[in-house]
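Colleague: For reference, the sequence and a predicted model appear below.
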Amino acid sequence: MKNRLLYIMPLSVFLVLAAYFAIGLTKDPSILPSALIDKPVPEFSLPPIEGGPGKDFSSADLKGNGVSVVNVFASWCVPCRIEHPQITRLAGLKVATLYGLNFKDEPKAALKWLKQLGNPYAAIGADTKGRAAIDWGVYGIPETFIIDNGGVIRYKYVGPITARRLDRDILPIIKKLSR
Amino acid sequence: MTAEIGHFALVLALLIAVVQVTLPMIGAHRGNAAWMAVAKPAALVQFGLIALSFGCLMQLYVTSDFSVLNVVQNSHTAKPMIYKIAGVWANHEGSLLLWVLILTLFGSAVAAFGANLPPALKARVLSVQAMIAVGFYLFMLLTSNPFERVEVPPINGQDLNPLLQDFGLAIHPPMLYLGYVGFSMAFSFAIAALIEGRVDAAWARWVRPWTLAAWCFLTGGIALGSWWAYYELGWGGWWFWDPVENASFMPWLAGTALLHSSTVVEKRDTLKGWTILLAIVAFSLSLLGTFLVRSGVLTSVHTFATDPARGVFILGLLIVVIGGSLALFAWRAPALVSTGVFQPISREGALLLNNLIMATAAAAVLLGTLYPLLLDAIGGGKISVGAPFFNAVFIPLMMPMIAAMAVGPMLSWKRADLIPALSRLKAAAVVTAAAMFAAWAIMTDGPVMGVIGAGLATWLFAGTLIELAGRIRLFKVPLRESLSRLRRTPRASWGMTIAHLGVAVAITGITGAGSWQVESIQVMKPGDTVTVAGYDFTFDGARAGQGPNYSIISGTFRVSRNGEPVVTLEPEKRIYNVSKRPTTEAGIHTMISGDLYAVIGDKGEDGAYVTRLYFNPLVVWMWAGAIIMVSGGLISLTDRRHRIGAPARRRAQGPASVPQAAAAE
């Protein structure tokens, strides 16, 4: 009988591994946890894009004004162009205030981009040197942060936001935080 | 049209494979010879169809047909022809097609040359082979069709990842796949044996050449991959314990164990269940190696594609193949009767020790590779397991193994005495001590591992030679008789001796490059000189140039030693036109004592460049060791008992061959 168990062992080990694989498949390897999750937003104050519309964008905007979404983008970033329709859709739903962080961009190119594709942002901070982005822990754009009413970062996504990602992840989180 | 023919051939191959799974298996069960005989033409036709399909994809690449998605994503008209061809298998879909091409090639080889196999065993083996093929065909047709068209063909393609546009990497995947798929043969034989409930010497004799061939290809493939990493990645290293490297290394470890335990089954009719398990594990790890990196379960620099639909299919396939075979093993293997008994100190015991260490090493590598995944699954956060873990686990496991490797071949079958074997190794011990002292004297400040490595390599080399000398009774009988014994030594024994010597040579290289590497990273202006390990590297500046589909920045380093010019190194940095991705081409000068290795990096201010200069001692010994190991395997493969085949025939030929257990004397 003891011998019999020995022969079943390889199968059992494999089944345990397979279970782990199954769980592993449900996780997206591209989601990297941010060290800033559940931390207050970093202090920053950025001017609007040179020659562009709007006002300054600073950390004060993110406190006490309901749930906000901060989207890091640049005109030279191809995936940003891909996600732009979804970002626009998000702004249209009016469930959260959408801010833009224009990362290491030429003002002229950024303005042309906004003119061409539309400007869904309530305010855009021009981070021409990329210093504010360092404080935000940005390492590959596009990146999108969800911030609660108290100015605490609750969620971060790296990469272009697809329709599926918006419906399945982003909107439910915003809904939950708005309650 | 070509794409449709290729696609259609693939569908047809799937249907034939389904027939090959069912009819021969049922036929073997009922003893119906006609049904069993279906396997042979089915296997041959399957190979023909896949070869056609593969030819179609190659045609699409060669003619740069950008109406096919796969070609668009991985090719470009400006790409040199050899990389257009290699592009066929340098991507997810195409590499799967190559996989099944090799699988059906091996299947048709069994069908064509397996005339002396018992018909029922042959039918079952081919049926199991076809099961594997069905899984792969379905995977390709449902999730990874290489012949998918695009609606609006672009003017040009997106080009192949520049890191992969390299000769070493053009032939690396086919080598690896020949190895992986070779283990599928051992697997099919194992499953067939479990179904039949019989494992004997004849069975082991059939499994051995496949395992040996697979092992040779895998050894070559891994060495090639490591060589590529060495000259192309430009980090001065040759093994990074990257998940993809591990994925090819784990089947190698299991396959090496299988190679040794199948000898025991063949000679001594024991360790049967264990050998079957190793055959299943070696192929399971090959499957894992093929899939793990593609499913998105693990991410790594090498990963071709991450796609959830594929991941689910792959997991399903793994559960059916691995889980199914292990369940069969749990059910049927206890019935396998072993007749041979042996003492712990014996050839069998030594081979079992090898098996246990190899299996433990494979398990440790598997654990290290999967640990990040396991931890993440239970919400433990994202981590990565790197070289320190693997080195800490793997090296201590290998040390007793290498030490025992010199002793094992001297032990006789069944029961042996350790003392006489060890006393024969006195000379080896003396040489080893001398080598360790020399290593310590030359590299006094080096790590202690360097001295240990030098000792192990010498011990194994000397021990293997002493074993050979003992086998031919050198200096014990007249030289003429020794030479005649040397001539009559079976090639399988030669193979063992040569492969073990190869391991010793490779360890020398690993020790040198691993322990005594000298590295120097700095910013250099033209005219600057940096001294690395006694070699003066003078930077003569860099210039720009053009390749076929990339632009080049090429630096010039004049290397001299004590004022004597040695060589001029010209490392390059290439920027590929389409993807804008850079690659490094290290400037390497290989000497027996070590490699001079120069890499040119980014341009700084006023014409200065970041440069990385290395002296990698003895690194060429590592590749040489791998080549020697592979030659040992190939020589063993030509042993007459593999050429003659079935033991029944061998008996008919009379007792002409030298008894294998010659070392027992």
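Modeller: Noted; the coordinates are in hand. Numbering: from 1, shown residues only, chains lettered A, B, ... in the order given.

Colleague: Any idea what the most centrally placed residue in chain A is bridged to?
Modeller: Nearest to the mean C-alpha position of chain A, by CA atoms, centre = their mean, lies A:T144 at 1.7 Å. Counting by DSSP bridges, A:T144 forms beta bridges with A:N71, A:Y157.

Colleague: So which residues of chain A form helices?
Modeller: Along chain A, the segments classed as helices by DSSP state H run A:2-26, A:78-93, A:107-117, A:131-135, A:163-165, A:171-178.

Colleague: For the chain, give me the ranges with low pLDDT.
Modeller: Let's take chain A. Where chain A drops to pLDDT under 70, the residues are A:1-2, A:24-35.

Colleague: oops, chain B please
Modeller: Ranges of chain B meeting pLDDT under 70: B:293-308, B:379-382, B:642-665.

Colleague: One more pass at 80, please.
Modeller: Low-confidence segments of chain B (pLDDT under 80): B:152, B:158-166, B:168-169, B:233-236, B:291-312, B:337-340, B:372-386, B:578-582, B:604-607, B:640-665.

Colleague: just to revisit the earlier point, tell me which of the helices of chain A approaches B:S423 most closely.
Modeller: Closest to B:S423 of the helices of chain A, according to CB to CB: helix A:2-26, at 37.4 Å. The C-beta positions use only the backbone N, C-alpha and C, and glycine is treated the same way.

Colleague: Report the contact partners of B:S482.
Modeller: Contacts for B:S482 (CB atoms under 8 Å, 6 or more residues apart in numbering or on different chains) come out as B:I472, B:R473, B:L474, B:F475.

Colleague: would you turn those residues into CSV with neighbour count, distance to B:L126 and secondary structure?
Modeller: Output for the contacts of B:S482, formatted as CSV (neighbours: other CB atoms under 10 Å in any protein chain shown; distance: CB to CB, whole Å; DSSP: H, G, I helix; E, B strand; the rest coil):
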residue, neighbour count, distance to B:L126, secondary structure
B:I472, 20, 42, coil
B:R473, 15, 46, coil
B:L474, 17, 47, coil
B:F475, 9, 51, coil
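
Colleague: of these, closest to chain A?
Modeller: B:I472 (41.7 Å; CB to the nearest CB).

Colleague: What helix or strand is the closest residue to the closest one other than its chain neighbours located in?
Modeller: Excluding the flanking residues, the one nearest B:I472 by CB to CB, 6 or more residues apart in numbering or on different chains is B:R485, at 4.1 Å. Element membership for B:R485, per DSSP states H and E: helix B:479-488.

Colleague: The helix or strand just after that helix - contacts with which helices or strands?
Modeller: On the C-terminal side of helix B:479-488, the closest following helix or strand by DSSP H and E is helix B:491-515. Helices and strands touching helix B:491-515, by 3 or more CB pairs under 8 Å, 6 or more residues apart in numbering or on different chains; DSSP states H and E, are helix B:387-407, helix B:448-471, strand B:609-617, helix B:619-637.

Colleague: For A:G140, find the nearest of the ones you listed.
Modeller: Here strand B:609-617 is closest among those (CB to CB), at 23.1 Å.

Colleague: tell me how far the closest one is from the chain's mean position?
Modeller: Centre-to-centre, strand B:609-617 and its host chain are 29 Å apart (CA atoms, centre = their mean, to the nearest Å).

Colleague: do you know how far the residue nearest in space to the middle of chain B is from B:F283?
Modeller: In chain B, the centroid-proximal residue (CA atoms, centre = their mean) is B:L218; its distance is 2.3 Å. In this structure, B:L218 lies at 12 Å from B:F283, with CB to CB, to the nearest Å as the measure.

Colleague: closest to B:F537 out of the helices and strands packed on helix B:491-515?
Modeller: Taking CB to CB as the criterion, B:F537 comes closest to strand B:609-617 out of the helices and strands packed on helix B:491-515, the separation being 5.1 Å.

Colleague: what comes up buried for the closest one?
Modeller: By neighbour count on 16 or more other CB atoms under 10 Å in any protein chain shown, the buried set for strand B:609-617 is B:Y609, B:T611, B:R612, B:L613, B:Y614, B:F615, B:N616, B:P617.

Colleague: Now distance to chain A too, for those, in TSV please.
Modeller: Compiled in TSV, the buried residues of strand B:609-617 are given as follows (distance: CB to the nearest CB, whole Å):
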residue	distance to chain A
B:Y609	25
B:T611	27
B:R612	24
B:L613	30
B:Y614	29
B:F615	35
B:N616	32
B:P617	37
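
Colleague: Could you chop chain B up by domain?
Modeller: B:1-160, B:425-514+B:625-641+B:659-664, B:518-617 (automatic domain parsing).

Colleague: Tell me which other helices or strands the helix or strand harbouring B:H172 touches.
Modeller: Using DSSP H and E, B:H172 maps to helix B:167-196. Helices and strands touching helix B:167-196, by 3+ CB pairs under 8 Å, 6+ apart, are helix B:81-86, helix B:92-113, helix B:119-143, helix B:201-232, helix B:243-268, helix B:272-292, helix B:324-332.

Colleague: so which of those helices gets nearest chain A?
Modeller: Between chain A and the helices and strands packed on helix B:167-196, the tightest spacing by CB to the nearest CB is seen for helix B:324-332, at 4.0 Å.

Colleague: is the next helix or strand after the closest one up against chain A anywhere?
Modeller: For helix B:324-332, the following helix or strand on the C-terminal side (DSSP H and E) is helix B:347-377. Yes. Part of helix B:347-377 sits near chain A under the criterion CB under 8 Å from any CB of the partner chain, namely B:L370, B:L373, B:L374, B:D376, B:A377.

Colleague: Identify, from those residues, the entry nearest to chain A.
Modeller: Nearest member of those to chain A, counting by CB to the nearest CB, is B:A377, at 3.9 Å.

Colleague: How about the closest one: what's its closest non-neighbour residue?
Modeller: That would be A:I23: by CB to CB, 6+ apart, it lies 3.9 Å from B:A377.

Colleague: Was I right to think B:G27 contacts B:A42?
Modeller: No. Judged on CB atoms under 8 Å, B:G27 makes no contact with B:A42 at a distance of 11.7 Å.

Colleague: What distance do you get for B:M443 to B:V532?
Modeller: Distance, B:M443 to B:V532, by CB to CB: 15 Å.

Colleague: before we move on, what about B:V68?
Modeller: B:V68 is 49 Å from B:V532, where distance means CB to CB.

Colleague: Name the residues that touch stretch A:155-175?
Modeller: Residues outside stretch A:155-175 that contact it (CB under 8 Å, 6+ apart): A:30-32, A:34, A:36-37, A:67, A:69, A:79-80, A:82-83, A:86-87, A:89-90, A:93, A:95-96, A:137, A:139-140, A:142-146, A:154.
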